[in-house]
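Chemist: model this:
(chains A and B)
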Amino acid sequence: MLNIDALRAWGADVDEALVRCLNNESFYLMLVQKSVKDPNFDRLPEAVAAGDLDKAFEAAHALKGVMANLALAPICKPVQEITELLRSRAATDYAPLLSEIRSQRESLLQLF
Amino acid sequence: MNDRSFMEERPNPQEKDRMRQILIVEDEFVNRELLKAYLEDSYKLLFAETGKEALKAVRAHADTLSLVLLDLNLPDLHGLDILREIKQDTDLSRIPVIVLTGDTESEVESLNTGASDFISKPYPRVEVIMARIRRSIELSENRDLIRGTELDQLTGLYNREYFYRYAEKYDLYHREEDTDALVVDINHFRLINERYGKAYADVVLRQLGAGLLAAVKESGGIVCRREADTFQVYCPHREDYETFAEDISAAAGEGLKGRIRTRVGVYSRADKSIDMERRFDHAKSAADTIRNSFSASVAVYDDALHEKEVYAERLLDDFQEALAQKQFIVFFQPKYDIRPETPVICGAEALVRWKHPELGMISPGVFIPLFENNGLIRDLDNYVWCEAAAQIRRWKDTLGHAVPVSVNVSRIDMLDPELTDTLRNLVEENCLEYADLHLEITESAYTQDSEQIIQVVSGLRALGFRIEMDDFGSGYSSLNMISTLPIDALKLDMLFIRTAFSENGNIRMLEISLDISRCLSVPMIAEGVETEEQMLALKKMGCDIVQGYYFSKPVPAEEFERFLTQN
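Modeler: Residues are numbered from 1 along each chain as shown, chains lettered A, B, ... in the order given. Okay, here's the model as predicted:
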């Protein structure tokens, strides 16, 4: 069962996120659980694989906003990085960042 | 803050905010839920998850939306395109939009596209969000209020008051430029209104407004609706106003049945040292000179018009003093009963002259229309009544007798609730009979506000005053109406006499008028009779009473005495 302490231990900036969630813990936890199922987690690697960097940027950008609002730092950090690379449509290897995002998301899912 | 519940942490919702409606355009569940949690206690919320949904919602709630919170990153349309769409649509552009974005670049672009503000991601503290929302709504509502008072509702143009302010500003930035002040009227607008209805007339007004804006678009200039069908334009000087008039008339009547014609009064190269309002008064005077013209559509304010105005103003300024100093002199013109073998004097008409100390004798043809236009005629009429009544008294005292004197009662006098009392007092104070005073009321007075006027006249007649209908034949009253009017005599419009006795004269109208007077069993008085020939012809046709230069011009009271003593 996901709880505040586990999230804090995982690396989320729980205090910042709680202020944003009006100090309502259950509201915060509900949003975190929803955010992990954000379809952009799938759209991002799919678009990169298909070479559609525009679409990949949109997915990353949207994810960044959500992760930042919930202060899920371990995911937020690689998402921010990939968003910036995609913004300039950089011809680079996106695999390491994609893999980092995937594994952080999985580790978060294990807290559920 | 741990010991306080999160409900207490929320911004205290102001009661009036409850009524305000906010559209949240956001496709991300988490972001949407956060905003909902912040705002749902204070605002009525609508949600859209795609750009298309957003535009649909904005249009559906265009009149009630207080704000749009717009995420730039949407699945179908880009937020900036939605923003552009809202800001370019005149029905939607008043709605403030706050952009939700995580990028500094987008912030600048959003503000340039018309966003009121932005909220970054991750979201700042809730108090910041609430404050920004409140401020944007407040600013836009204040602006709407200002616009509401600045703009004419129907045409969207400036209203008159604000127009003058903007015109002053216009001057500041165009000091060296020659500028024209224009007043534009629609010909016979009242008829258009009556014939086609208000909705049609409103379309004409809106189209004329748009036409005027288009006409000054290239050269620059400002436009307002002054009142009703009158518009004002302040623009760089140009020469060809004929084309201008044609263009705006065409624009006003576009797509409509019936042709719309405008008249343009131009005060060219306006003197910037005089009041802004005066400049447009000049243009209005020019426009008024072609009010009834079928051919002219442009009139320029020139020296002649200026002189005429200055003269008129002088007369208006001098009026009160003239009254006080008795510069107005009442003349009397005899009326003769021509039915006997030798015509017999049977009355007089009191006519006013102005003996101005500096301008000399001024014709009533000049000052009466002027005073009729601004209500001063009431004071003047009153003055004449008093003078005439006092004179009748004097004649009765010195000569032992007098004749009935008719005085003019203007339409505006009829609206005075104290008219009957005033006239009654006059008779009583001078110890006269009611029949000593005849009241001349023009036919046109009866046709406007007829019911009220008929009531007043009936009351006066019941007291014993004799009523003469003046200028009969010029007022288009129906035969049916005339037969029910309370009158004791018909006074034929001078024009009929002139036409009847001119070359190729048409006496038919004269005969018909005489038939009417016979039919009503009231005497017919003919004015403006100048020759014996005319008098004899009228007599032959059955006219009863004659007034005019043939017998005498209007003369001062002393001179009139000879007509009374002759009898």
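
Chemist: neighbours of A:Met67, how many?
Modeler: Neighbourhood size, A:Met67 [other C-beta atoms under 10 Å in any protein chain shown]: 29. The way it works is simple: take the backbone N, C-alpha and C, and place the C-beta from them, glycine included.

Chemist: so where is the stretch 1-150 of chain B shaky, pLDDT-wise?
Modeler: Applying pLDDT under 70 to the stretch 1-150 of chain B picks out residues B:1-18.

Chemist: can you check chain B too?
Modeler: In chain B, residues with pLDDT under 70: B:1-18, B:448-449, B:475-480, B:504, B:567.

Chemist: would you mind giving the domain segments of it?
Modeler: Following automatic domain parsing, one gets these domains for chain B: B:6-150, B:158-301, B:310-566.

Chemist: now do the helices in chain A.
Modeler: Under the criterion DSSP state H, helices of chain A are mapped to A:4-10, A:14-20, A:25-36, A:40-49, A:53-69, A:73-87, A:95-109.

Chemist: was I right about A:Gly11 contacting A:Ala73?
Modeler: Yes. A:Gly11 is in contact with A:Ala73 according to C-beta atoms under 8 Å; the separation is 5.3 Å.

Chemist: dump the residue contacts of residue 56.
Modeler: Went with chain A since none was named. Neighbouring residues of A:Ala56 by C-beta atoms under 8 Å, 6 or more residues apart in numbering or on different chains: A:43-44, A:47-48, A:86, A:94.

Chemist: that's the other chain; I wanted chain B
Modeler: B:Ala48.

Chemist: put the alpha carbons of the helix or strand that contains it into PDB.
Modeler: Using DSSP states H and E, B:Lys56 sits in helix B:51-60. Once non-C-alpha atoms are left out, helix B:51-60 reads as follows in PDB (Å, rounded to 0.1, in the frame of the first residue of the first chain):
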ATOM      1  CA  GLY B  51      -8.400  22.000 -28.100                       C
ATOM      2  CA  LYS B  52     -11.600  21.400 -30.000                       C
ATOM      3  CA  GLU B  53     -13.600  20.800 -26.800                       C
ATOM      4  CA  ALA B  54     -12.100  24.000 -25.500                       C
ATOM      5  CA  LEU B  55     -13.100  26.200 -28.400                       C
ATOM      6  CA  LYS B  56     -16.600  24.700 -28.300                       C
ATOM      7  CA  ALA B  57     -16.900  25.400 -24.600                       C
ATOM      8  CA  VAL B  58     -15.600  29.000 -25.000                       C
ATOM      9  CA  ARG B  59     -18.100  29.700 -27.800                       C
ATOM     10  CA  ALA B  60     -21.000  28.100 -25.900                       C
END
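
Chemist: next to chain B, which bits of chain A? Give me the list.
Modeler: Counting by C-beta under 8 Å from any C-beta of the partner chain, chain A comes close to chain B at A:19-24, A:27, A:31, A:34-35, A:38, A:58, A:61-62, A:64-66, A:68-71.

Chemist: put the buried members of those into a ChimeraX selection.
Modeler: This is the ChimeraX syntax for the buried subset of the residues of chain A next to chain B, where burial follows 16 or more other C-beta atoms under 10 Å in any protein chain shown:
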select /A:19,20,21,22,23,24,27,31,35,38,58,61,62,64,65,66,68,69,70,71
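
Chemist: next to chain A, which bits of the stretch 351-500 of chain B? Give me the list.
Modeler: Counting by C-beta under 8 Å from any C-beta, no position of the stretch 351-500 of chain B is adjacent to chain A.

Chemist: distance to A:Lys77 added to the domains of chain B, as CSV?
Modeler: Converted to CSV, those look like this (distance: least, C-beta to C-beta, whole Å):
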stretch, distance to A:Lys77
domain B:6-150, 13
domain B:158-301, 55
domain B:310-566, 82
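
Chemist: circling back: same list (the helices of chain A) but as JSON lines, adding mean pLDDT and distance to B:Asp471.
Modeler: Converted to JSON lines, these look like this (pLDDT from 0 to 100; distance: least, C-beta to C-beta, whole Å):
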{"stretch": "helix A:4-10", "mean pLDDT": "95", "distance to B:Asp471": "97"}
{"stretch": "helix A:14-20", "mean pLDDT": "95", "distance to B:Asp471": "85"}
{"stretch": "helix A:25-36", "mean pLDDT": "96", "distance to B:Asp471": "87"}
{"stretch": "helix A:40-49", "mean pLDDT": "96", "distance to B:Asp471": "88"}
{"stretch": "helix A:53-69", "mean pLDDT": "94", "distance to B:Asp471": "83"}
{"stretch": "helix A:73-87", "mean pLDDT": "96", "distance to B:Asp471": "86"}
{"stretch": "helix A:95-109", "mean pLDDT": "96", "distance to B:Asp471": "97"}
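
Chemist: skipping its backbone neighbours, what lies nearest B:Ala250 in space?
Modeler: Of all residues not flanking B:Ala250 in the chain, B:Gly211 sits nearest, at 7.6 Å (C-beta to C-beta, 6 or more residues apart in numbering or on different chains).

Chemist: does the one you found count as helix, strand or coil?
Modeler: Recorded secondary structure, B:Gly211: helix (DSSP: H, G, I helix; E, B strand; the rest coil).

Chemist: B:Tyr234 against B:Arg226, yeah?
Modeler: No. Using C-beta under 8 Å, B:Tyr234 is not in contact with B:Arg226; the gap is 11.7 Å.

Chemist: which of these two has more neighbours?
Modeler: Using other C-beta under 10 Å as the criterion, B:Tyr234 and B:Arg226 rank with B:Tyr234 on top: 28 against 19.

Chemist: now the phi/psi pair for the more buried one, please.
Modeler: With angles defined as degrees, to the nearest 10, B:Tyr234 shows backbone torsions of phi -120, psi 120.

Chemist: try B:Asp185
Modeler: When quoted as degrees, to the nearest 10, the phi and psi of B:Asp185 stand at phi -120, psi 160.

Chemist: thinking again about what came up before, do you know how far the residue nearest to B:Ala250 is from B:Ile290?
Modeler: Separation of B:Gly211 from B:Ile290 (C-beta to C-beta, to the nearest Å): 19 Å.

Chemist: the two: which has the busier surroundings?
Modeler: A direct count of neighbours by other C-beta under 10 Å for B:Gly211 and B:Ile290 places B:Gly211 higher, at 23 against 18.

Chemist: I'd say the more buried one and B:Ala245 touch.
Modeler: No. Counting by C-beta under 8 Å, B:Gly211 does not reach B:Ala245; the two are 10.6 Å apart.

Chemist: what is the burial count for residue 105?
Modeler: Using chain A. 21.

Chemist: can you look at chain B instead?
Modeler: There are 9 residues near B:Glu105, going by other C-beta under 10 Å.

Chemist: name the element it belongs to?
Modeler: In this structure, B:Glu105 sits in helix B:104-113 according to DSSP H and E.

Chemist: packing partners for that helix?
Modeler: Judged by 3 or more C-beta pairs under 8 Å, 6 or more residues apart in numbering or on different chains; DSSP states H and E, helix B:104-113 is in contact with helix B:79-88, strand B:97-101, strand B:117-120.

Chemist: for those, which one ends up most surrounded?
Modeler: strand B:97-101 (a mean of 25; mean count of other C-beta atoms under 10 Å in any protein chain shown).

Chemist: that strand packs against which elements?
Modeler: Helices and strands touching strand B:97-101, as assessed by 3+ C-beta pairs under 8 Å, 6+ apart, comprise strand B:65-71, helix B:79-88, helix B:104-113, strand B:117-120, helix B:126-150.

Chemist: so which of the ones you listed is the most surrounded?
Modeler: It is strand B:65-71: most buried of those by mean count of other C-beta under 10 Å, with a mean of 25.

Chemist: strands paired with that strand, and their directions?
Modeler: Strand B:65-71 has its sheet partners listed here by DSSP bridges as strand B:21-25 (parallel), strand B:97-101 (parallel).

Chemist: quick one: A:His61 and A:Thr83 touch, right?
Modeler: Yes. Counting by C-beta under 8 Å, A:His61 touches A:Thr83, with 5.4 Å between them.
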